[in-house]
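> The following block contains a protein sequence and its predicted model.
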Amino acid sequence: MAQPGKVILAGTIAKGLLAEVAEGLSKLSFKPKLVGFLANEDPAAKVYADYSAKTCVENGFEFDLRKVSKEDIEEAILAANIDDSVHGIIVYYPIFPRSSRQDQYIQQLVALDKDVEGLSHKYIFNMYQNIRFLDPPTNKQKSILPCTPLAVVKVLEYLQIYNPALPYGNRLFGRTITVINRSEVVGRPLAALLANDGAKVYSVDINDVQLFTRGRGIKNHKHEVHEQEGWTVEKCLPFSDVVISGVPGSSYKIDTNLIRDGATCINFSSEKNFDATTVKEQASFYVPAIGKVTISVLLRNLLRLVHNQEESRVKAATKNHVEAELKSSEG
């Protein structure tokens, strides 16, 4: 008997996003340049850098990988910030694996208008506060979201977990989602994004479970977090419409017997958190990896930065013109 579940590969989802990117790129008279900084010997970072380069070039962008020492990374980023030929900057972490504070500091060195990963404080603040634009009330410059959490959102949109009949910003209303991973890089921001879009999200960490929600009837503007005393992942799974997992350990496997029939399961870890055979017996959709979607989102973010940079230039030129007109009239 055929298994009821359907496996959806990241490459299939990425095609639509890359078509959207190609359309945006066709409207430009130049190739946006993304600069990547590699200041470590981490094999995973090198693989990501090489794949970033390959995807950029294949899709009509320029990519410049700059290998620098840990001692020179600050000056290298600051130089790229003021280089008009550079439109986006990506830094491959970890640089200082024993000090997350140092890596956080490096993240904040990247200029806001070139931060393709959305890691600057302003972008993180906007994400958690559910502020979607940099320039209210005109709302012409969209805030940048971190690539991997946004990639998961794009997967959910592709699978029509987001309900397009509902108003923008509320399209996950009625959905219950479990996210297994609460890292500051992916898990926590992902839970916040999904809750801000109207879902009830159970965020599972090694020690506890938290509920991210905009309240009953999604009345609140942004999500709030509640501790779920005594809860474990086993309590969350049976009534979750979507289960998203990103546990890095090779020994971790989700008990698929607890997943309700017809749920959607997404794995964003480099390890397989779901058993590929049994998950297809329970889930309606199973997405085993999202890497190609993440890279597509990276290019999409780069185009958004280019758009925002142009809007800033137009705004500055208009302001200068108005000021010149006022001085002229006063004279």
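Okay, I see it. Residues are numbered from 1 along each chain as shown.
> what bridges to residue 204?
residue 180, residue 209 (DSSP bridges).
> Contact partners for residue 289?
When contacts are counted by C-beta atoms under 8 Å, 6 or more residues apart in numbering, residue 289 touches 9, 10, 267, 268. Bear in mind the C-beta positions are built from the backbone N, C-alpha and C, glycine included.
> Out of these, the closest to residue 118 would be?
Residue 118 has its nearest neighbour among those in residue 268, at 16.4 Å by C-beta to C-beta.
> Skipping adjacent residues, who's closest to residue 205 in space?
Among residues not flanking residue 205 along the chain, residue 182 sits closest, at 4.1 Å (C-beta to C-beta, 6 or more residues apart in numbering).
> With residue 131 instead?
Residue 131's closest residue in space is residue 143 (C-beta to C-beta, 6+ apart), at 6.6 Å.
> Touching, residue 121 and residue 108? I think so.
Yes. Residue 121 lies in contact with residue 108 (C-beta atoms under 8 Å); the separation is 6.1 Å.
> Touching both of the two, which residues are there?
Common neighbours of residue 121 and residue 108 (C-beta under 8 Å, 6+ apart) do not exist.
> In the chain, mark out all the strands, start to finish.
6-7, 33-38, 62-67, 88-92, 176-180, 200-204, 209-213, 224-227, 242-245, 263-267, 283-287 (DSSP state E).
> Tell me where the stretch 151-300 of the chain has helices.
Secondary structure of the stretch 151-300 of the chain (DSSP state H, counting those that start in this stretch): helices at 187-196, 233-236, 276-282, 291-330.
> Any idea which of those gets closest to residue 117?
helix 291-330 (7.4 Å).
> packing partners for that closest one?
Other helices and strands packing on helix 291-330, by 3 or more C-beta pairs under 8 Å, 6 or more residues apart in numbering; DSSP states H and E, are helix 10-26, helix 43-58, strand 88-92, helix 147-158.
> residues near residue 20, how many?
Counted with other C-beta atoms under 10 Å, residues neighbouring residue 20 total 14.
> pretty sure it is in contact with residue 300, am I right?
Yes. With contact defined as C-beta under 8 Å, residue 20 reaches residue 300; the gap is 6.9 Å.
> could you list every residue that touches residue 92?
36, 37, 38, 39, 40, 42, 45, 46, 48, 49 are the contacts of residue 92 under C-beta under 8 Å, 6+ apart.
> Oh, that last question was meant for residue 269, not what I typed.
If you count contacts by C-beta under 8 Å, 6+ apart, then residue 269 has 181, 245, 246, 247, 248 around it.
> buried subset of the residues you listed?
181, 245, 246, 247 (16 or more other C-beta atoms under 10 Å).
> mind checking the backbone torsions on the third one?
Which is residue 246. Main-chain dihedrals, residue 246, degrees, to the nearest 10: phi -150, psi 50.
> quick one: pLDDT of the residue nearest to it when sequence neighbours are not counted?
Nearest residue to residue 246 in three dimensions, chain neighbours excluded: residue 181, at 3.8 Å (C-beta to C-beta, 6+ apart). Per-residue pLDDT puts residue 181 at 96.
> what does the one 5 residues further on give?
Confidence at residue 186, expressed as pLDDT, is 95.
> Please look at it and residue 148 and confirm they touch.
Yes. With contact defined as C-beta under 8 Å, residue 186 reaches residue 148; the gap is 4.9 Å.
> between these two, what contacts are shared?
With C-beta under 8 Å, 6+ apart as the test, residue 186 and residue 148 both reach residue 268.
> How far off centre is stretch 234-249?
When distances are taken as C-alpha atoms, centre = their mean, to the nearest Å, stretch 234-249 is centred 19 Å away from the chain's centroid.
> follow-up on the earlier one: for the helices and strands packed on helix 291-330, which one ends up most surrounded?
Of all the helices and strands packed on helix 291-330, strand 88-92 carries the top mean neighbour count, a mean of 26, counting by mean count of other C-beta atoms under 10 Å.
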